[in-house]
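A.B. asks: Here's a sequence, model it:
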Amino acid sequence: MKKYILTTIMVLLMVSLAYFFGVSDWLVALFVIITAGFVYFSMIRLYSGNRKMLAMYSQPNSMLYNFLSRDRTFFMRVTAFFSSLMLSSILVLLVKGMVLQQGYVPFFVVIVFSSFVLYSFVNKPISSPLVNENINQEISSHGNELVRIFYAAIVLNIVLALAFSAHDTFEFKVSDVNFNNFTDKAVEQSFEKTDANHYSRVFINAYLLMDYAKIALAKVFVNLIGLQNNFYIFYCVILALNLFKMFGFSVSFVLLQKGLDGTATLLVPTVKQVFSTVVVFFSNTRSQ
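C.D. replies: Reported below is the predicted structural model:
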């Protein structure tokens, strides 16, 4: 049940990000902060686990050991906060960019599929008797978590790049985008300025400009090697560029899922306790 609830929340959050970006700067800022909060939950756990793992390789009671043994210091929290803010901003921007290029339906299908598949993989505990018997439990647990996050981000990155590169290849075949006119194409698709979207409009228009530049760059490359009419060569070139572009989104998406799951795990006991208290209160009220 938790899997379906959290996946639904994840999808609704992604759709909301796509809809409100470019409409209101205040709403964009709010969504970035909310997303950063969940990503921060994952980041601070990873930072803490990394320090504990490194501390085990340092001399006990040494200066380095004492430094690494201090959990969730001010510096660690600040670093995790700014990292989360940066990753969340990348995620929010790319969500809007993908919807503008692909449309809501393809984006929705890919995000729903990715959310369901990745949730089971990222949050499934990996246990091996051989590892548990020979390696410190904290190291093996943290190592498994890092591996799951890394693999999930790589898989999501490949899936998104494969799916969305088809649109770019279609643009290559039917449009006349090149280095002489890619700025004009970006202006045609740009967001108009309103009183509420002064800052978000700048970011999304910059994204559109860079994306058209990507297609123009790929065209230049295939022309240089003399294979401008080869569908598969262009697809491979644009796929490589999209793998680079989507990696930040993929990492942010996986960390957001981890953060949502971790937050829900912490809140479930509290919610159950509150629910039980309410039930007992109404039961006592009725009995009186």
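
A.B. asks: Got phi/psi on Gly22?
C.D. replies: When read as degrees, to the nearest 10, the backbone of Gly22 gives phi 90, psi -10.

A.B. asks: Strands along this structure, start to end?
C.D. replies: Here the chain has no strands by DSSP state E.

A.B. asks: in it, which ranges drop under the pLDDT threshold?
C.D. replies: Within the chain, the stretches falling below the threshold (pLDDT under 70) are 1, 122-140, 142, 228-229, 268-288.

A.B. asks: all helices of it, in order?
C.D. replies: Here the chain has its helices, by DSSP state H, at 2-20, 25-55, 63-69, 74-102, 104-122, 129-134, 137-174, 182-189, 198-224, 231-287.

A.B. asks: Format the ones you listed as CSV; extra columns: mean neighbour count.
C.D. replies: (Glycine included, C-beta is placed from N, CA and C.) Output for the helices of the chain, formatted as CSV (neighbours: other Cβ atoms under 10 Å):
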stretch, mean neighbour count
helix 2-20, 16
helix 25-55, 19
helix 63-69, 13
helix 74-102, 19
helix 104-122, 17
helix 129-134, 10
helix 137-174, 17
helix 182-189, 15
helix 198-224, 18
helix 231-287, 16
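
A.B. asks: show me the contacts for Val32.
C.D. replies: Val32 is in contact with 85, 88-89, 92, counting by Cβ atoms under 8 Å, 6 or more residues apart in numbering.

A.B. asks: repeat that with 10 Å
C.D. replies: Contact criterion Cβ atoms under 10 Å, 6 or more residues apart in numbering gives 17, 21, 84-85, 88-89, 91-93, 200 as the residues in contact with Val32.

A.B. asks: Which member of the residues you listed is positioned nearest Thr8?
C.D. replies: Taking Cβ to Cβ as the measure, Thr8 lies nearest Leu17 of the contacts of Val32, at 15.0 Å.

A.B. asks: For the closest one, which non-adjacent residue is spatially closest?
C.D. replies: Val95 (4.6 Å; Cβ to Cβ, 6 or more residues apart in numbering).

A.B. asks: Could you measure from the one you found over to Ser175?
C.D. replies: To Ser175, Val95 is 24 Å away according to Cβ to Cβ, to the nearest Å.

A.B. asks: re the thing from before, farthest-separated two in the contacts of Val32?
C.D. replies: Spanning the widest gap among those are Ser84 and Ser200, at 19.2 Å by Cβ to Cβ.

A.B. asks: ok so, going back, list just the nearest of the contacts of Val32 to Gly248.
C.D. replies: Leu91 (7.6 Å).

A.B. asks: May I ask you to confirm that the closest one is in contact with Phe247?
C.D. replies: No. Applying Cβ atoms under 10 Å, one finds Leu91 not in contact with Phe247, separated by 11.6 Å.

A.B. asks: could you list every residue that touches the residue nearest to Leu17?
C.D. replies: 13-19, 21, 31, 35, 107, 111, 249, 252-253.

A.B. asks: Can you point out the buried residues in stretch 191-199?
C.D. replies: Neighbour counts over stretch 191-199 (16 or more other Cβ atoms under 10 Å) mark 191, 197 as buried.

A.B. asks: if we look at that stretch, which residues are touching it?
C.D. replies: Against stretch 191-199 from outside (Cβ under 10 Å, 6+ apart): 20-29, 96, 100, 200-205, 208.
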